[in-house]
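> model the structure of this input:
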Amino acid sequence: MTTTPRQLQLLQELRQRQSASVEELAELLGVTLQTVRRDVQRLADAGLLLRFHGGVRLPGSTVENLAHQQRENLHPEGKARIAHAVAQQIPNGCSLILNIGTTTEAVARALLQHRGLRVITNNLNVAAILSGNPDCEVIVAGGVVRARDRGIVGEAAVDFIRQFRVDIALIGISGIETDGTLRDYDLREVKVAQTIIEHAREVWLAADHSKFGRPAMVQLATLDQIDRLFTDAPPPDPFPALLRDAAVECSVAQPT
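Here you go, the predicted model:
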């Protein structure tokens, strides 16, 4: 689904309150109960909130991510815009690392017309996509394949990535917290991503608007370790100041 500004505001209110009744949300948003119930139903179907008797709350997202298929269906238009913006900035003939995530998979699709790329990845979905480009050499990390999303994690993947130093590391993330930390759910995945950051000349982060303020359990990095951020909507407060202080170049992919 693609969330509307009102639905984003609803989720932001829940982040601040943890839970709320439909009546409270209607008053906070200045809309009818029917409108809130419709938004709640859509967001619940997408796995972004949970309904209980008398109200709604955020899922226990600090310890468990959404399923891969849910994430694929979440903000697809925004991810496509981000992918197009990233692909425009990647020159032919460069070396890349792409990690796990549905946004990095969207970027892989946007790179199918590039030439002379050498791509290292710990994401079998990225490898399958880019294998359709005969002008792209794909190198797949070894390690444990995580069944739920075909990501490759573990110490073997870390050791494999350490052999390389690439022009650009493009990483996805589960959440960017208001203290400027980048967070994810699986420690094994985080260890691989941290190694990717260490072995790249530039680090680019691709994150749609839903990642701002979203909590997750494991710290992956901080904003000052990122060179560029690609997103699909202007970041809300306090992120503009955090990005400025960390000297991160922020690119907002506009609708075409």
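
> which parts of the stretch 101-250 of the chain are strands?
117-121, 136-140, 144-146, 151-153, 166-171, 175-176, 181-184, 200-206, 218-222, 228-231, 249-252 (DSSP state E, counting those that start in this stretch).

> distance between the last one and the chain's centre?
If you compare the mean C-alpha spot of strand 249-252 with that of the full chain, they lie 15 Å apart, counting by C-alpha atoms, centre = their mean, to the nearest Å.

> can you give me the buried ones in that strand?
250, 251 (16 or more other C-beta atoms under 10 Å). (Each C-beta comes from the backbone N, C-alpha and C, glycine too.)

> packing partners for that strand?
Under the contact definition 3 or more C-beta pairs under 8 Å, 6 or more residues apart in numbering; DSSP states H and E, strand 249-252 sits against strand 228-231.

> repeat that for 10 Å
Contact here means 3 or more C-beta pairs under 10 Å, 6 or more residues apart in numbering; DSSP states H and E; on that basis strand 249-252 packs against helix 76-89, strand 200-206, strand 228-231, helix 239-245.

> ok, now the second one?
Strand 136-140 makes packing contacts with strand 95-98, strand 117-121, helix 124-130, helix 155-161 when contacts are defined by 3+ C-beta pairs under 10 Å, 6+ apart.

> that one to strand 117-121, inter-axis angle?
Put simply, strand 136-140 runs at 20 degrees to strand 117-121, going by axes from the mean of the first three to the mean of the last three C-alpha atoms, to 10 degrees.

> what comes up buried for strand 136-140?
136, 138, 140.

> ok, the first one to residue 178 distance?
By that I understand residue 136. From residue 136 across to residue 178, the span is 37 Å (C-beta to C-beta, to the nearest Å).

> quick one: closest of the helices and strands packed on strand 249-252 to residue 166.
The closest of those to residue 166 is strand 200-206. By C-beta to C-beta, the value is 5.2 Å.

> sheet partners, orientation included, of that closest one?
Strand 200-206 sits in its sheet next to strand 166-171 (parallel), strand 228-231 (parallel), going by DSSP bridges.

> for the longest one, the averaged confidence score.
Here the mean pLDDT over strand 166-171 is 98, rounded to a whole number.

> relative to strand 218-222, how tilted is it?
Counting by the same axes, to 10 degrees, strand 166-171 lies at 140 degrees to strand 218-222.

> so what's residue 171 up against?
Residues near residue 171 by C-beta atoms under 10 Å, 6 or more residues apart in numbering: 97-101, 103-104, 182, 184, 192-194, 196-197, 200, 203-207, 220-221, 226.

> try 7 Å this time
99, 193, 196, 203, 205 (C-beta atoms under 7 Å, 6 or more residues apart in numbering).

> before we move on, what about residue 253?
Contacts of residue 253 by C-beta under 7 Å, 6+ apart are 81, 82, 84, 85, 230, 232.

> can you check residue 112 too?
Taking C-beta under 7 Å, 6+ apart as the test, what residue 112 contacts is 132, 133.

> could you rerun that using 6 Å?
residue 133 (C-beta atoms under 6 Å, 6 or more residues apart in numbering).

> picking that back up, just send the helices and strands packed on strand 249-252 back as CSV, with mean neighbour count, mean pLDDT and distance to residue 27 too.
Listed next are those as CSV, based on neighbours: other C-beta atoms under 10 Å; pLDDT from 0 to 100; distance: least, C-beta to C-beta, whole Å:
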stretch, mean neighbour count, mean pLDDT, distance to residue 27
helix 76-89, 19, 94, 29
strand 200-206, 20, 98, 36
strand 228-231, 22, 98, 30
helix 239-245, 15, 97, 27
